[in-house]
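Engineer: How does the following fold in three dimensions:
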Amino acid sequence: MKEKQKFALVTGGSRGIGKAICIQLAKDTDYKILINYQGNEAAALDTLQEIHKIGGTAELVQFNVGDAADVQTKLDAWHNNNKEAIIEVIVNNAGITKDGLFMWMKPEDWNSVINTSLNGFFNVTNHLIQKLLVHKYGRIINMVSVSGLKGTPGQTNYSAAKGGIIAATKALAQEIAKRNITVNAVAPGFIRTDMTGELDEKEFKKMIPSNRFGEAEEVAHLVSFLASKNASYITGEVININGGIYS
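Structural biologist: Here you go, the predicted model:
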């Protein structure tokens with residue numbers, strides 16, 4: 001029987017931590033990388049070029065994780081074109097923030113954050129999980145946040161979304177462990193990306209025992225380890241990567 005081509009899908013893979021994960025997986029593994037993006041095709045193409053530069057293989061797949069119909073249509077079309085392929089690693093990284101005090105939070109700011117992060121996890125993972133169960137091997141890695149563990153004022157919506165994924169990670173891990181599929185969450189603290197670009201790094205550093213922001217590449221190394229066979233006995237875990245800010 002012909003060996004299946006093996007892919008790793010990274011949602012929100014065009015920028016920031018997602019981009020670093022795509023590049024690291026291409027360096028460390030034999031996976032072909034599926035770079036998911038929603039609107040920023042230029043950034044996605046840039047990630048694609050960087051992977052090609054280091055000798056990796058990747059392709060783009062455009063869909064909005066928060067739109068279940070879009071996820072299904074695009075992934076089904078991809079599977080139809082890649083009949084000999086299996087998406088063995090799923091990195092649920094796509095997420096957005098709409099910060100503001102809860103008392104003034106608009107319903108759309110609540111719903112859009114929950115929809116992208118929490119429902120996005122469901123839409124992508126639920127659609128792909130049956131193939132993983134039949135395949136009897138897989139890695140699901142959910143990008144969460146320190147906000148989902150300790151709660152961050154001004155981010156009630158984001159904290160709720162990430163906290164929901166943390167609980168889902170622990171439950172799903174127990175359901176599918178017998179099939180050699182691990183489910184883990186990675187919880188970054190302050191990482192230097194576009195998302196933290198607005199923050200006063202000098203001020204925030206004082207809160208961090210390591211006295212610095214983390215780099216996206218440091219998070220990517222952890223994800224790459226969890227995606228490997230070396231991490232087969234780790235499942236249902238939430239791994240903090242935050243310079244000691246919260247443990």
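Engineer: Please count neighbours and contacts with C-alpha atoms only from this point.
Structural biologist: Fine.
Engineer: Spatially central residue for the protein, please.
Structural biologist: Centroid-nearest residue in the chain, with CA atoms, centre = their mean: Asn93, separated by 2.1 Å.
Engineer: how about it, phi and psi?
Structural biologist: phi -110, psi -20 (degrees, to the nearest 10).
Engineer: what sits against it?
Structural biologist: By CA atoms under 8 Å, 6 or more residues apart in numbering, the residues touching Asn93 are Val10, Thr11, Gly12, Gly13, Ile17, Gly18, Asn142, Met143, Val144.
Engineer: Distance of it relative to Gln24?
Structural biologist: 14 Å (CA to CA, to the nearest Å).
Engineer: For Ala220, grab the count of nearby residues.
Structural biologist: Using other CA atoms under 10 Å, Ala220 is surrounded by 21 other residues.
Engineer: And for Asn115?
Structural biologist: 21.
Engineer: so how far is Lys162 from it?
Structural biologist: In terms of CA to CA, Asn115 sits 11 Å off from Lys162.
Engineer: Could you do Met105 as well?
Structural biologist: 17 Å.
Engineer: One more: Asn93?
Structural biologist: Relative to Lys162, and taking CA to CA, Asn93 is found at 11 Å.
Engineer: next SSE after the worst-scoring helix or strand of the chain on mean pLDDT?
Structural biologist: One helix or strand of the chain scores below all others by mean pLDDT, DSSP states H and E: helix 201-205, with a mean of 75. Next in sequence after helix 201-205, counting helices and strands by DSSP states H and E, comes strand 214-215.
Engineer: partner strands of that next one, parallel or antiparallel?
Structural biologist: Taking DSSP bridges as the criterion, strand 214-215 sits next to strand 191-192 (parallel) in its sheet.
Engineer: Show me how far stretch 18-37 is from its chain's centre.
Structural biologist: Taking the mean of its C-alpha atoms, stretch 18-37 sits 11 Å from the chain's own mean (CA atoms, centre = their mean, to the nearest Å).
Engineer: Thank you kindly, that will do.
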